[in-house]
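Fold the following, please.
(one chain, ligands or ions: 1)
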Amino acid sequence: MSGTLAGTGRQQHSAPGDPAGGSRAAVRIRGLRRTFGIRDVLDGLDLDIAQGEFLALLGASGTGKTTLLRILGALDRHDAGTVLVPETRTVVFQEPRLVPSKKVLANVTVALPRGADTRETGRRALAEVGLDRHADAWPATLSGGEAQRVALARALIREPELLLLDEPFAALDALTRLRMHDLVGELCRRHRPAVLLVTHDVDEAIRLADRVAVLRDGRLATDERIAIGHPRDSADPRFAALRTRLLTELGVHRAPADHAPTPAKELPA
Ligand SMILES: Nc1ncnc2c1ncn2[C@@H]1O[C@H](COP(=O)(O)OP(=O)(O)OP(=O)(O)O)[C@@H](O)[C@H]1O
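Below is the predicted model of the structure:
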């Protein structure tokens, strides 16, 4: 594990993470602060993510979810605290961010060192996301869901110890999103990176994660482990109960749908 010592800009290399809750930590954050102007968006945040653990992070808009993810990806700095992260981290954003002038296979292997087996490794990564037949396609010819699968293949090909997912399904239609959930769940079980998923979708969080946390006032307000065997089907009453608890934590109180819809109105010709 290596990490950044806040305020010094130096890289810290340390022994692999100590046991955290029985597992070894891939991510260890203590007292993290990030200030924009006069606002402490992250304010003394503590968080561990164990190796191979899938953490979904919920929070109202503007609470600092993406800021936290960007700090872990070294895309932003922090003002105080300690952040220890693994050496290999990759990010999937809401948009696929493919290079339009490179074909799909070249996009997937873009961050790999050139070697005799680079193309073969790229083809295997594409096969994992069901797109091996698109290796020679241009990004502009892909659907949104296909492009996002290429972005996922590009992120996993480096076998990251930490995979950072910043609302990667938000721009997809509902059916494609469900298919992507299955795919990401399966690939994460196979590759076992630690995962931080930033999302607004409570159902998605419960369906995919081992742990769900809610960010509020710069810290984790809720940090809940989802038991092995917990129902992942949104129709199940235990799933619904957890959803209601998390929505309440997020400040969303659903009014019961007790009013009948207004009758359809015929528009004049
Ligand atoms: N570079 C920046 N300069 C100034 N303010 C920033 C910067 N980046 C983020 N912020 C502010 O920090 C706060 C948290 O932003 P962030 O994008 O992390 O929130 P979020 O929880 O991911 O929001 P959303 O769910 O809407 O994407 C916001 O008020 C935002 O305006």
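
Just checking: what are the partner strands of the longest strand belonging to the chain?
Using DSSP state E, we find that the single longest strand of the chain is strand 23-36. Strand 23-36 sits in its sheet next to strand 19-20 (antiparallel), strand 39-50 (antiparallel), strand 80-85 (antiparallel), going by DSSP bridges.

wait, which of those strands is closest to L98?
For the strands paired with strand 23-36, distance to L98 was read as C-beta to C-beta. The smallest value, 25.2 Å, belongs to strand 80-85. (C-beta placed from N, C-alpha, C; glycine too.)

tell me what the following helix or strand past that closest one is packed against?
The helix or strand immediately downstream of strand 80-85 is strand 89-92, counting by DSSP states H and E. With contacts defined as 3 or more C-beta pairs under 8 Å, 6 or more residues apart in numbering; DSSP states H and E, strand 89-92 has these neighbours: helix 144-156, strand 162-166.

Would you convert these into CSV that also reports mean neighbour count?
Listed next are those as CSV, based on neighbours: other C-beta atoms under 10 Å:
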stretch, mean neighbour count
helix 144-156, 23
strand 162-166, 24
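
will you turn these into CSV that also has distance to G73 and mean pLDDT?
CSV is the format used below for these (distance: least, C-beta to C-beta, whole Å; pLDDT from 0 to 100):
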stretch, distance to G73, mean pLDDT
helix 144-156, 11, 96
strand 162-166, 5, 98
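
my hunch is that T262 is in a strand, does that hold up?
No - counting by DSSP: H, G, I helix; E, B strand; the rest coil, T262 falls outside a strand, being coil.

From the ligand, how far off is it?
Separation of T262 from the ligand (C-beta to the nearest ligand atom, to the nearest Å): 32 Å.

coming back round to it: for the ligand, find the nearest of the helices and strands packed on strand 89-92.
Proximity to the ligand (C-beta to the nearest ligand atom) singles out strand 162-166 among the helices and strands packed on strand 89-92, at 7.9 Å.

and that closest one, which strands flank it?
Sheet pairing of strand 162-166 (DSSP bridges) gives strand 89-92 (parallel), strand 194-198 (parallel).

Could I get the helices and strands packed on strand 89-92 in JSON lines, plus columns for distance to M180?
Compiled in JSON lines, the helices and strands packed on strand 89-92 are given as follows (distance: least, C-beta to C-beta, whole Å):
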{"stretch": "helix 144-156", "distance to M180": "7"}
{"stretch": "strand 162-166", "distance to M180": "10"}
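
what residue ranges in the protein are flagged as low confidence?
1-22, 254-261 (pLDDT under 70).

The ligand contacts on that one?
Applying C-beta under 6 Å from any ligand atom, one finds that the chain approaches the ligand through 36, 41, 59, 61-67.

Most widely separated two among the residues you listed?
F36 and G59 (15.9 Å).

between the two, who's got more neighbours?
Looking at F36 and G59 with other C-beta atoms under 10 Å, you find the greater number of neighbours at G59, namely 23 against 11.

secondary structure class for the residue nearest to the more buried one when sequence neighbours are not counted?
Spatial nearest neighbour of G59, excluding adjacent residues (C-beta to C-beta, 6 or more residues apart in numbering): L215 at 3.6 Å. Following three-state DSSP, L215 is assigned to strand.
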